[in-house]
Structure formats: structure tokens, C-alpha cells
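# Structure for this input, please:
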Amino acid sequence: MTKSDLVFQSYGRCCSRDEFFVDFYDHFMSSSDAIRNRFVNTDMAAQRHLLRNGIMQLILTARGMPDRKLRALGESHNRSNYNIKPEWYEFWLDALMKTVRQHDPENTPELEKAWREVLAPGIELIRGAY
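Sure thing, here's the model as predicted:
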């Protein structure tokens, strides 16, 4: 089984409960006041839906799907649009890993390493659009 298969299955286990996405934003927003302030007037239910799809796009791209949607995410998150600072992606990934540890009963250090490796190229593509 490939690393992207392991991550795909882990994400499926995480997605089985909506609390996964609520907990992610709790972790992410607690990582920085600047990040927390970005979400002050955000429809969080809609934001959680976007997150769910965004993580899936990262995984599907790692599994061989074209990167068109990730390129669009990079464009929407760049300095001219949402202005998501490149250094915030580390906070994002750390919050995601903390949430996976919390919600995937089959999580291991090896699985977390696989998550990081599988998502890294897609995150770099999005961050690189800044």
C-alpha cells in the first residue's frame, strides 16, 4: 500500500465525525492571533466544508489527479486575494496533524510522517503562488 493510500484511508476515518473539522479550526486558530483574526467574520460551517474539500484535493493530487484545483487554491490564497502568509502553512499542517492524532484511532508516528510527505508537494504548490 502506498503512503497516499494510507493517508486516504486515515482521512476517511477522520471524516467520519464532523468534530474533526471543528477541532482542526480550534487548533489552527489557537496557533496565532493573526490567524484567529482572519476568521472573525467567517461562516465556519462553510469554511469547514471548504477545508474538507481542500484536504481531499491535496490527497487526490498526491494520488495522481491533475493539480488544477490546487493551483486555483494557490491563486485564491495569494497576496492579491486572501493574503495567506507563506509561514502560516506550517501552523496549518501542525494543526491538521494534531487533529489527525486526536481523531484517527489507527494513527501512528509512521502514519503522521506519511501525511506530511503526501501533503507537502501540494502545500508547496499553494504556498508558492503567494
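# Identify the residue nearest the most centrally placed residue in the chain in space, chain neighbours excluded?
In the chain, the centroid-proximal residue (CA atoms, centre = their mean) is I55; its distance is 4.7 Å. Nearest residue to I55, sequence neighbours excluded (CB to CB, 6 or more residues apart in numbering): Y11, at 6.4 Å. From N, CA and C alone the C-beta is placed, and that goes for glycine too.
# What average pLDDT does the helix or strand containing the one you found get?
Element membership for Y11, per DSSP states H and E: helix 3-15. What helix 3-15 shows for mean pLDDT is 98.
# Pull out the buried residues from that helix.
Residues of helix 3-15 classed as buried by neighbour count (16 or more other CB atoms under 10 Å): K3, S4, L6, V7, F8, S10, Y11, C14.
# close enough to count as contact, the fourth one and L60?
Meaning V7. No - using CB atoms under 8 Å, V7 makes no contact with L60, being 10.6 Å away.
# From E110, how far out is the residue lying farthest from the centre of the chain?
What lies farthest from the middle of the chain is M1; by CA atoms, centre = their mean that is 22.1 Å. Distance, M1 to E110, using CB to CB, to the nearest Å: 12 Å.
# repeat for E75
From E75 over to E110 the distance is 34 Å, taken as CB to CB.
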